[in-house]
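Q: below are the sequence and a predicted model for it; my questions follow.
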Amino acid sequence: MIEAPSRLGNQLPLALEEGGRSLPVLDQRERGTRFLQLPIRRVLNPPAVTGMGFWSINPYVGCEFGCSYCYARKTHEWTMERMGAEQAPPASAWLAFEQNILVKHAAPEVLLRTLEPSRLGTDALVIGTATDPYQPAERRFRLTRRVLESLLRHRGLHLGIITKSPLIVRDLDVLQALAARHELSVNISLASMDAPLLRRIEARSPAPHARIRALHRLTRGGIHAGVLIAPIIPGITDDWKGLAAIMEAAKEAGARWVAGQALRLGPAARTGFLPLLAREFPDLVARYTRRYGRSQGAGKDYERALKRRLRALQEAFGFPPHRLTD
């Protein structure tokens, strides 16, 4: 068991229970976020399991950024249920996702033992599909960096990284080494250049201009990188001016592409986003009720119109057509 830092004294709450024993508490932040060591046997998620069409690695379960629209919050609950673990407060699994961060401390070593490139074939391997691999926890645990270093043992993979965090530039040296051995692409996720607006929908995510500066440093360092506008939120971040501002900033930062996708409201996303919508954008509630209903998508007519808008902006700023699967 990894001992909690002595500076925390006796203020640590009980650890999460896993099969009758507690998960070691690695650290706890003043605002209540705890970091717990999660034992794992595998770290690679195959397409058959994720349904995403590519392989994925998520070094952490949970994310501190607290985005209201996050579709991955249920992963925390699923992980704890799979382990037969009983959660300590906060009781809400929705909140536990951002307050109890599970750290896959052995992920690099497990990856070294289990990765067989032949199994991947031509499928991509994407890091950060259900967590942000460069969330604040990474500054201390350096887990994503160690995972990337493990991939240096191989050649010829199709690698992708998705992050909102400028912390990724810390690992520019590893990214450059990976790019020499693999086909590497980095997506900087950014929903809006309007910082006050972004703060209303992403509680603790990095400022938009900090992400653009990180993108610039990556592209200047020779990394194949672009911007992922996801989600594009109907009536909030889908206006021409707002999308154009992202395109312009991305172009100036040397982005190779800009892709986007409309908000999807699965069960986990609804739990967080709809109360925020009612509180922050009450005039849009009726529109969302009509548009989404019980569906996860905004409707084919909206998605077609959004696709046309994105394509027109891509052409205006000199970006190629780019889908999320490219």
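A: Cool, got the structure. Numbering: from 1, shown residues only.

Q: spell out, range by range, the strands that occur in the stretch 1-150 of the chain.
A: With DSSP state E, counting those that start in this stretch, the ranges of strands along the stretch 1-150 of the chain come out as 17-18, 21-22, 25-28, 34-37, 55-57, 60-61, 85-86, 100-103, 124-127.

Q: what about the nearest residue to Gly222 once chain neighbours are set aside, neighbour count?
A: With CB to CB, 6 or more residues apart in numbering as the criterion, Gly222 has its nearest non-adjacent residue at 6.2 Å, and that residue is Gln176. Placement of C-beta: from N, CA and C, glycine included. When counting by other CB atoms under 10 Å, one arrives at 14 neighbours for Gln176.

Q: next, work out how far apart Gln176 and Ile188 are.
A: Distance check for Gln176 against Ile188: by CB to CB, to the nearest Å, it reads 17 Å.

Q: in the stretch 1-150 of the chain, which spans are helices?
A: 47-50, 74-82, 93-99, 107-114, 117-120, 136-141, 143-151 (DSSP state H, counting those that start in this stretch).

Q: can you pull the buried residues of the fifth one?
A: So the one you mean is helix 117-120. For helix 117-120, burial by neighbour count (16 or more other CB atoms under 10 Å) applies to Leu120.

Q: what does it contact?
A: The contact list for helix 117-120 (CB atoms under 8 Å, 6 or more residues apart in numbering) reads 55, 154, 156-158.

Q: which one (most neighbours) among those residues?
A: Counting by other CB under 10 Å, top hit in those: Trp55 with 25 neighbours.

Q: from His158, how far off is the nearest residue to that one once chain neighbours are set aside?
A: Closest residue to Trp55 apart from its sequence neighbours, by CB to CB, 6+ apart: Leu125 at 4.5 Å. Distance from Leu125 to His158, counting by CB to CB: 7 Å.

Q: for the protein, which helix is longest?
A: Ranked by number of residues, the top helix in the chain under DSSP state H is helix 300-316.

Q: what packs against it?
A: Helix 300-316 is packed against helix 240-252, strand 258-262, with contacts defined by 3 or more CB pairs under 8 Å, 6 or more residues apart in numbering; DSSP states H and E.

Q: would TSV of those with mean neighbour count be doable?
A: Formatted as TSV, the helices and strands packed on helix 300-316 follow (neighbours: other CB atoms under 10 Å):
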stretch	mean neighbour count
helix 240-252	18
strand 258-262	21
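
Q: need these in JSON lines (columns: mean pLDDT).
A: Shown next, in JSON lines, are the helices and strands packed on helix 300-316 (pLDDT from 0 to 100):
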{"stretch": "helix 240-252", "mean pLDDT": "98"}
{"stretch": "strand 258-262", "mean pLDDT": "97"}
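
Q: Ile229: which of those is closest?
A: When those are compared for distance to Ile229 using CB to CB, the nearest one is strand 258-262, at 3.7 Å.

Q: what strands flank the closest one, and is each parallel or antiparallel?
A: Looking at strand 258-262 with DSSP bridges, its partner strands are strand 225-232 (parallel).

Q: for the strand it pairs with, C-alpha coordinates in PDB please.
A: What follows is strand 225-232, C-alpha atoms only, in PDB (Å, rounded to 0.1, in the frame of the first residue of the first chain):
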ATOM      1  CA  ALA A 225      -1.600  18.400 -34.500                       C
ATOM      2  CA  GLY A 226      -5.000  20.000 -34.900                       C
ATOM      3  CA  VAL A 227      -8.100  21.100 -33.100                       C
ATOM      4  CA  LEU A 228     -11.200  19.000 -32.100                       C
ATOM      5  CA  ILE A 229     -14.300  21.200 -31.600                       C
ATOM      6  CA  ALA A 230     -16.200  18.700 -29.500                       C
ATOM      7  CA  PRO A 231     -18.800  19.000 -28.500                       C
ATOM      8  CA  ILE A 232     -20.400  21.800 -30.600                       C
END
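
Q: would you mark the buried spots in that strand?
A: Buried residues in strand 225-232, counted by 16+ other CB under 10 Å: 225-232.

Q: just name the shakiest helix or strand of this protein by mean pLDDT.
A: Ranked by mean pLDDT, DSSP states H and E, the weakest helix or strand in the chain is strand 17-18, scoring a mean of 42.

Q: sec struct for Phe319, please.
A: When classified by DSSP: H, G, I helix; E, B strand; the rest coil, Phe319 comes out as coil.

Q: please enumerate residues in contact with stretch 45-56?
A: With contacts defined as CB under 8 Å, 6+ apart, stretch 45-56 is touched by 44, 57-58, 120, 123-127, 129-130, 160, 325.
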